[in-house]
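A.B. asks: no sequence on this one, just coordinates:
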């Protein structure tokens, strides 16, 4: 579960940086990397970012309030 949370955080940070760049400078990082906003690569990245955000919303419910980012011993 820890690795999923870390990946989710990295993806959400990527999405936030993309939105910040787009809002401040009109530059879309993801679409420039994949040569277009509606290319298959961009759609996959946008979908993964959205799924990561949804995971970070529901993961505290699944883990009873814990958001695991470090290794935890079994209780």
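C.D. replies: Everything's here; your move. From a predicted model like this one, the values you see are computed outputs, not experimental measurements.

A.B. asks: what about residue 8, neighbour count?
C.D. replies: Counted with other CB atoms under 10 Å, the neighbours of residue 8 add up to 21. The C-beta positions use only the backbone N, C-alpha and C, and glycine is treated the same way.

A.B. asks: again with residue 47
C.D. replies: Neighbourhood size, residue 47 [other CB under 10 Å]: 10.

A.B. asks: now the one 3 residues further on
C.D. replies: As a burial measure, the neighbour count of residue 50 was computed by other CB under 10 Å and equals 13.

A.B. asks: element containing it?
C.D. replies: Under the criterion DSSP states H and E, the helix or strand holding residue 50 is helix 40-62.

A.B. asks: any residues touching that helix, and which ones?
C.D. replies: Under the contact criterion CB atoms under 8 Å, 6 or more residues apart in numbering, helix 40-62 has outside partners 1, 4-5, 7-9, 11-12, 14-15, 18, 30-31, 33-34, 36, 66-67.

A.B. asks: what's the average pLDDT for it?
C.D. replies: The average pLDDT within helix 40-62 is 90.

A.B. asks: go on, stretch 27-36?
C.D. replies: The average pLDDT within stretch 27-36 is 89.

A.B. asks: give me every residue that touches residue 19.
C.D. replies: Contacts of residue 19 by CB under 8 Å, 6+ apart: none found.

A.B. asks: what distance do you get for it to residue 2?
C.D. replies: 26 Å (CB to CB, to the nearest Å).

A.B. asks: buried ones in the helix holding residue 50?
C.D. replies: By neighbour count on 16 or more other CB atoms under 10 Å, the buried set for helix 40-62 is 42, 45-46, 49, 52, 55-56, 59.

A.B. asks: and if you look at stretch 25-37?
C.D. replies: So, applying 16+ other CB under 10 Å, buried residues of stretch 25-37: 28-31, 34.

A.B. asks: returning to that earlier point: need the buried residues of helix 40-62 in TSV (columns: distance to residue 24).
C.D. replies: Shown next, in TSV, are those (distance: CB to CB, whole Å):
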residue	distance to residue 24
42	20
45	20
46	19
49	18
52	22
55	27
56	24
59	30
